[in-house]
Each structure stands twice: as C-alpha cells, then as structure tokens.
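Engineer: 3D, please:
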Amino acid sequence: MLKRHARAACTALAAAGLLLAGTSGATADSAPAAPSAATTLRTADAPPELLAAMQRDLGLTPTQAKARLAHEAEAGATAARLRMRLGAAFAGAWVDGADAATLTVATTRAADTAAIRATGARAKLVTRTLADLDSAKAALDGAATAGTPVRYVDPRSNTLVVEEAEPGAAARLLAATGTDSALVTVVRTAEAPRPLYDLRGGDAYYMNGSGRCSVGFPVTRGTTNGFATAGHCGRAGTTTSGFNQVAQGSFQASVFPGNDMAWVAANAQWTSTPYVKGSGGANVQVTGSVLQPVGASVCRSGSTTGWHCGTIQQHNTSVTYPEGTISGVTRTTVCAEPGDSGGSYISGSQAQGVTSGGSGNCSSGGTTFFQPLNPILSAYGLTLKVTGGDPGPGPGEPEPGGTWKAGTVYAAGATVTHGGASYRCIQGHQAQTGWEPPNVPALWQRL
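Structural biologist: Sure thing, here's the model as predicted:
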C-alpha cells in the first residue's frame with residue numbers, strides 16, 4: 001500500500017451524421033428531433049485542457065478527440081438501448097477506433113444480429129452471456145487472495161480474466177470455487193495493485209494532518225458542502241485539511257474493503273464547486289454522471305500527477321488488495337501514483353468515479369481502478385455539483401408530473417413516470433433539471 005505523507009467536441013456532431021446516433025432527424029412536417037446523446041452530455045463543451053490531455057495520452061488529433069467524445073456518447077446510448085432489447089442474451093458492448101466510431105454489441109442469440117446492425121453497430125455472436133460471466137466472477141471474488149489480485153469480464157474475448165501474481169494461484173482459485181476453466185483466461189502479472197494513498201476534484205487534502213489523498217467530486221447533502229472520495233483514505237470521524245492545510249472537515253461515512261467509497265463533509269469555510277482541476281490548474285466543468293462504455297476515453301485528476309488520460313477497459317472488476325477485496329470498480333489504462341487516491345475520473349464532462357488503486361506509474365505507464373461515482377451518490381444521499389444551473393430538488397423531494405425526481409440516482413432498468421407516461425432508464429445517472437425523461441432519449445426509453 002502506498003501512502004503519501006504530507007511532506008512528501010468544439011461542435012457536437014449532428015445526430016443524423018453519426019452511425020451510432022439512435023435518433024433520426026426531423027422533417028419539415030414533423031416535430032423537432034429529440035436531442036442526441038452528444039447534445040445531452042454536452043460533449044461539444046469539453047474544455048481545451050481535457051482535449052489536449054486526450055491528444056497527448058491517446059495519440060489523437062484535435063479532430064479525433066472532439067469526434068471521439070461525441071461518438072462515445074452516442075455509443076453509450078445505443079448500447080444501453082440494445083441491452084434492454086436483448087435482455088438475457090446480451091453479452092457486452094465496446095467501442096473501437098481512434099475516434100471511437102465503431103460500436104460492437106455481443107449477443108448469444110443469432111436472431112439478434114440484424115437488430116444490432118440496424119442501429120449502425122457491429123454484431124458479434126458469442127457463447128456466454130454477460131450475466132453468466134458476471135455470476136462466475138462473483139463466485140471467484142468470494143475466495144480470491146492476493147495471488148489472484150484482479151478479476152474481470154472481458155466482453156471482447158467473452159471470457160472471465162483472472163490475473164495471477166504467483167504460479168498456480170488461478171488454478172487453485174478455480175478448483176476451490178468449482179469454476180469451469182473453459183470460462184477463464186489466466187494472465188500472469190508482476191503487478192500488485194494497492195490503494196494509491198497519498199473542493200475541486202483533483203485537489204489535495206490531508207487526513208489527520210499526515211496522509212494525503214485527492215478530492216474526487218464536490219457534492220452537497222442538503223445545505224452541507226463536501227466531496228466524494230475513496231474509502232481507503234479515511235474512516236468515519238477522520239479529520240481533513242485542504243490543499244492549503246486549512247481545517248476542512250471530516251469523513252462522514254466510509255467503506256473499504258468491499259467497495260472503496262467515502263464522503264467528507266466540509267466546514268463553513270469551504271464551498272463545493274462543479275469543477276475538476278485540469279492541466280495547469282484550469283477548471284474542467286462537470287455536467288453529469290453518466291457512466292461511459294468500455295473502450296471510451298477517460299481522464300484522471302490527482303494531486304500527485306495531475307491530468308492523465310486513457311481508456312476504460314472493463315466495468316464491474318474485482319480487485320484483491322492486501323487489505324481485502326473490492327468489487328464493482330472499473331479498470332482503466334490511466335496511470336496514477338501515491339497521493340492520487342480518491343481523485344476524479346471524468347469522460348468529457350461526465351463524472352465517472354474516484355481513484356481506488358492500481359499498479360505502475362506515470363513514467364512507465366500502469367493500470368488503475370476507479371470506484372464508480374453513482375453508487376457513492378446513491379449510498380450517501382449526495383448531489384453531484386454540476387455546471388448549468390440549479391440541479392433541482394434533492395433526492396426524495398417531489399417533482400411535478402410523476403415519480404421522476406431530480407437529484408435521484410437512477411440505475412439502468414429503473415422505471416419512472418413523468419407527464420403521464422412511463423419510462424425505463426437505459427444509462428445510470430443522477431437526474432437533474434433539464435434531464436426529464438421526455439427530453440433525453442439517450443438516458444430514458446419510453447415504455
């Protein structure tokens with residue numbers, strides 16, 4: 001475990017021009033087209049600092065970086081709709097290409113391929129459903145040790161991947177759980193993931209005057225300001241001071257291991273802002289919390305290494321640290337170092353999660369894992385601070401027109417009513433004013 005001590009797209013692509021749009025343009029005689037996913041997620045508002053980091057770390061041209069964010073937004077919405085349609089046969093989805101223009105959706109049912117291709121996506125017929133592989137991974141998670149530190153479902157290969165740090169560890173794990181070896185790909189690794197110890201996302205804060213971590217995302221709970229961060233950075237009651245060593249607040253709740261989530265309530269001297277610290281200290285705006293698909297670009301801000309970008313490799317990964325196993329984290333190619341723990345992962349302007357741990361460094365490269373943000377917001381009743389005005393009523397407060405409520409975290413599959421109609425959530429997010437179900441088909445499907 002590495003503990004850092006105190007010393008130490010300029011214009012969104014038109015929906016009709018995107019292969020993955022999933023919405024059609026309006027005609028002269030029809031009502032205006034619903035906004036595209038790229039418009040909903042405001043990919044055109046990506047700041048220059050984020051685009052520059054994507055160009056540096058992903059080897060993109062400026063045009064590719066802008067196009068990639070728009071394509072990723074559309075791909076996420078299309079994949080979410082297809083997941084609902086395919087049901088139990090769904091076997092995962094991912095994007096490829098420098099500008100993420102190619103979406104592939106996997107299914108175990110041959111009859112689904114035509115429907116997948118009709119959306120502009122590629123179809124891949126496989127033998128195992130995502131649910132089956134997730135179930136097998138859950139069995140491994142309960143018995144894993146540091147000898148098999150990382151486990152995840154890889155939709156591209158349609159297998160369950162187990163990283164093995166010592167010879168024979170994967171075989172022993174499979175035998176102990178009765179897991180079919182045909183489901184599993186074993187990868188040897190010399191890395192040992194560990195928490196990256198160390199009210200703007202990415203800024204430093206200090207725990208009990210010594211260890212250092214990074215702010216994840218500023219939030220509010222009622223009238224209280226604070227921020228979401230990693231659970232391994234502190235326990236309930238741990239006091240914090242800010243980047244300037246001024247008294248800041250204290251941890252209100254923390255979970256680690258199992259998950260890696262926590263939140264800190266700040267005192268009256270600190271105010272939450274809707275920003276993450278970007279390159280050179282510039283503010284990068286946060287407009288929502290829609291989790292992006294496998295293959296999408298993601299950038300991280302931390303108090304040790306600043307801005308770095310990479311791609312999302314797998315969701316719902318399980319990692320066994322020396323302190324125990326955490327599940328439900330996302331595996332990425334972004335580098336990180338001690339002190340970056342708890343910091344912000346953002347894709348375009350959409351908050352993704354907080355730094356948990358990883359291996360490697362930002363000189364030679366590495367693998368890192370983030371705890372998705374939406375479960376933190378939901379678990380603690382927090383509201384993400386976003387740009388674009390008042391986020392609306394807090395969780396549980398009434399919203400006219402049905403059961404939909406601004407401030408509520410909705411998981412994919414949740415159903416609500418609004419304006420007399422019923423809707424199903426297709427991409428998990430925290431609802432906010434302006435994202436009412438009829439207005440955002442990238443997030444809600446009318447039933």
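
Engineer: which regions of the stretch 51-200 of the chain lie under the pLDDT threshold?
Structural biologist: Across the stretch 51-200 of the chain, residues meeting the criterion (pLDDT under 70) sit at 197-198.

Engineer: that one: helices as residue ranges?
Structural biologist: 62-86, 113-118, 130-141, 169-177 (DSSP state H, counting those that start in this stretch).

Engineer: which elements pack onto the shortest one?
Structural biologist: Secondary-structure packing of helix 113-118 (3 or more Cβ pairs under 8 Å, 6 or more residues apart in numbering; DSSP states H and E): helix 62-86, strand 102-107, strand 122-125. No exception for glycine: its C-beta is placed from N, CA and C like everyone else's.

Engineer: of all residues in this protein, which one is nearest the centre?
Structural biologist: What sits nearest the mean C-alpha location of the chain, by Cα atoms, centre = their mean, is Gln352, with 3.2 Å.

Engineer: can I assume that residue is in contact with Phe370?
Structural biologist: Yes - judged on Cβ atoms under 8 Å, Gln352 makes contact with Phe370 at a distance of 6.4 Å.

Engineer: overlap in contacts, these two.
Structural biologist: Shared contacts of Gln352 and Phe370 (Cβ atoms under 8 Å, 6 or more residues apart in numbering): 330, 345.

Engineer: just give the closest residue to Thr355, not the sequence neighbours.
Structural biologist: Excluding its sequence neighbours, the residue lying closest to Thr355 (Cβ to Cβ, 6 or more residues apart in numbering) is Gly343, at 4.6 Å.

Engineer: residue contacts, the one you found?
Structural biologist: 201-202, 213-216, 300-303, 336, 354-355.

Engineer: and of those, the nearest to Ala34?
Structural biologist: Closest approach to Ala34 among the contacts of Gly343 (Cβ to Cβ): Gly201, at 30.5 Å.

Engineer: tell me who's in contact with that closest one.
Structural biologist: 214-218, 227, 275-277, 286, 301, 343-344, 346, 351.

Engineer: before we move on, what about Ala136?
Structural biologist: Shown in contact with Ala136 (Cβ under 8 Å, 6+ apart): 160, 179-180, 183-184.

Engineer: so how far is the helix or strand encompassing Ala253 from its chain's centroid?
Structural biologist: According to DSSP states H and E, Ala253 maps onto strand 247-255. Mean C-alpha position of strand 247-255 versus that of the full chain (Cα atoms, centre = their mean, to the nearest Å) differs by 22 Å.

Engineer: same check, this time on stretch 324-340
Structural biologist: 12 Å.

Engineer: buried ones in it?
Structural biologist: By 16 or more other Cβ atoms under 10 Å, the buried positions in stretch 324-340 come out as 325-340.

Engineer: what is the nearest of these to Thr102?
Structural biologist: Nearest member of these to Thr102, counting by Cβ to Cβ, is Thr333, at 18.2 Å.

Engineer: in the contacts of Gly201, find the pair that's most separated.
Structural biologist: Ser214 and Val286 (15.0 Å).

Engineer: so these two - more neighbours on which side?
Structural biologist: Neighbour comparison, Ser214 and Val286: the larger count goes to Ser214, with 33 against 26 (by other Cβ atoms under 10 Å).

Engineer: now that one. Nearest residue, chain neighbours left out?
Structural biologist: Per Cβ to Cβ, 6+ apart, closest to Ser214 is Gly343, 3.3 Å.

Engineer: where's that neighbour relative to Cys233, distance?
Structural biologist: Using Cβ to Cβ, to the nearest Å, Gly343 is found at 10 Å from Cys233.

Engineer: next one: Ala406
Structural biologist: 29 Å.

Engineer: in terms of neighbours, single out the busier of those two.
Structural biologist: Applying other Cβ under 10 Å to Ala406 and Cys233 shows that Cys233 carries more neighbours, namely 30 against 20.

Engineer: and what about the closest residue in space to the more buried one that isn't next to it in sequence, helix, strand or coil?
Structural biologist: Take Cys233 and drop its neighbours on the chain: the residue closest to it by Cβ to Cβ, 6+ apart is Cys213, 3.9 Å away. Cys213 carries the three-state label strand when classified by DSSP: H, G, I helix; E, B strand; the rest coil.

Engineer: quick check: Cys213 touching Pro195?
Structural biologist: No - counting by Cβ under 8 Å, Pro195 is not a contact partner of Cys213; they are 9.1 Å apart.

Engineer: show me the contacts for Thr251.
Structural biologist: I think there's a mix-up here, since residue 251 is Phe and not Thr. Phe251 is in contact with 233-238, 240, 262-264, counting by Cβ under 8 Å, 6+ apart.

Engineer: show the buried residues in the residues you listed.
Structural biologist: Buried by 16+ other Cβ under 10 Å: 233-234, 238, 240, 262-264, out of these.

Engineer: nearest to His308, of the residues you listed?
Structural biologist: Cys233 (19.4 Å).

Engineer: quick one: pLDDT of that closest one?
Structural biologist: On pLDDT, Cys233 comes in at 97.

Engineer: can you name the residues that contact it?
Structural biologist: Neighbours of Cys233 in contact, by Cβ under 8 Å, 6+ apart: 195, 197, 207, 211, 213, 251, 254, 262, 341-342.

Engineer: show me the beta-bridge partners of the nearest residue to Gln245 once chain neighbours are set aside.
Structural biologist: Nearest residue to Gln245, sequence neighbours excluded (Cβ to Cβ, 6+ apart): Tyr206, at 6.9 Å. Beta-bridge pairing of Tyr206 under DSSP bridges involves Arg212, Ser241.

Engineer: go on, Cys309?
Structural biologist: Where Cys309 sits in a bridge, its partners, by DSSP bridges, are Cys299.

Engineer: what does Gly360 give?
Structural biologist: Here Gly360, judged by DSSP bridges, has bridge partners Gly366.

Engineer: and the strands in the stretch 251-400 of the chain?
Structural biologist: Listed in chain order, the strands of the stretch 251-400 of the chain (DSSP state E, counting those that start in this stretch) span 261-266, 275-277, 283-285, 297-302, 306-321, 324-332, 344-347, 350-361, 365-372, 383-384.

Engineer: looking at those, which is buried most?
Structural biologist: strand 344-347 (a mean of 32; mean count of other Cβ atoms under 10 Å).
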